[in-house]
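Q: only the shape, not the letters, is given here:
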């Protein structure tokens, strides 16, 4: 969604609201299977003493797959962001602010970038997910599998003490 900011660029204290639905395919990461509802974003671009700042919230209801056990699960994610906007050429990008494109900004791009940067490193169905047994492949969240764990040969003598 293109947001025209001509009305507020030269008016300190002015602001402009936005509401959009970013493209779901732009938000897909490998653990995300799909979205239960279309992702939505809303917020405000405000001019505070000549500095433009985009403050927004992106909300998504996702269907994901657990990185440890492979089970599918639902996850709701909300990303809050406050991003400065700058009127600088892209070749002089400072890496801290988003450059304006003429007199506006592509809000979907900013919100999508913030969503992707806020993604977890590991997607788990629950914080204490036990994963799969490396021997038989049973989901350890469903209970013990009964496989005997391989013992490091250096500790084999100590294991004999436990057997007694």
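A: Noted; the coordinates are in hand. Values in this document were obtained by computation on a predicted structure and should not be read as measured data.
Q: next secondary structure element downstream of the longest helix seen in the chain?
A: The residue-count maximum for a helix in the chain (DSSP state H) belongs to helix 107-117. Sequence-wise, the next helix or strand downstream of helix 107-117 (DSSP states H and E) is helix 156-163.
Q: show me what contacts the closest residue to residue 48 other than its chain neighbours?
A: Spatial nearest neighbour of residue 48, chain neighbours left out: residue 12 (6.9 Å); criterion: CB to CB, 6 or more residues apart in numbering. Backbone N, C-alpha and C define where each C-beta goes, glycine included. Counting by CB atoms under 8 Å, 6 or more residues apart in numbering, residue 12 makes contact with 47, 48, 49, 50.
Q: how much space separates the nearest residue to residue 123 once chain neighbours are set aside from residue 124?
A: Distances taken as CB to CB, 6+ apart place residue 31 nearest to residue 123, at 3.8 Å, with adjacent residues excluded. Distance, residue 31 to residue 124, using CB to CB, to the nearest Å: 9 Å.
Q: with residue 15 instead?
A: With CB to CB as the criterion, residue 15 and residue 124 are 38 Å apart.
Q: these two: who's more crowded?
A: residue 124 (18 against 15; other CB atoms under 10 Å).
Q: and the residue nearest the centre of this structure?
A: Residue closest to the mean C-alpha point of the chain, counted by CA atoms, centre = their mean, is residue 119 at 2.6 Å.
Q: can you name the next helix or strand after the host helix or strand of residue 44?
A: Applying DSSP H and E as the criterion places residue 44 in strand 40-48. Using DSSP H and E, the helix or strand that follows strand 40-48 in sequence is strand 51-65.
Q: name the residues of that next one that are buried.
A: 52, 53, 54, 56, 58, 60, 62, 64 (16 or more other CB atoms under 10 Å).
Q: report all helices and strands that the next helix or strand after that strand contacts.
A: Next helix or strand after strand 51-65 toward the C-terminus (DSSP H and E): strand 72-86. On a contact count with 3 or more CB pairs under 8 Å, 6 or more residues apart in numbering; DSSP states H and E, strand 72-86 meets strand 51-65, strand 98-99, helix 107-117.
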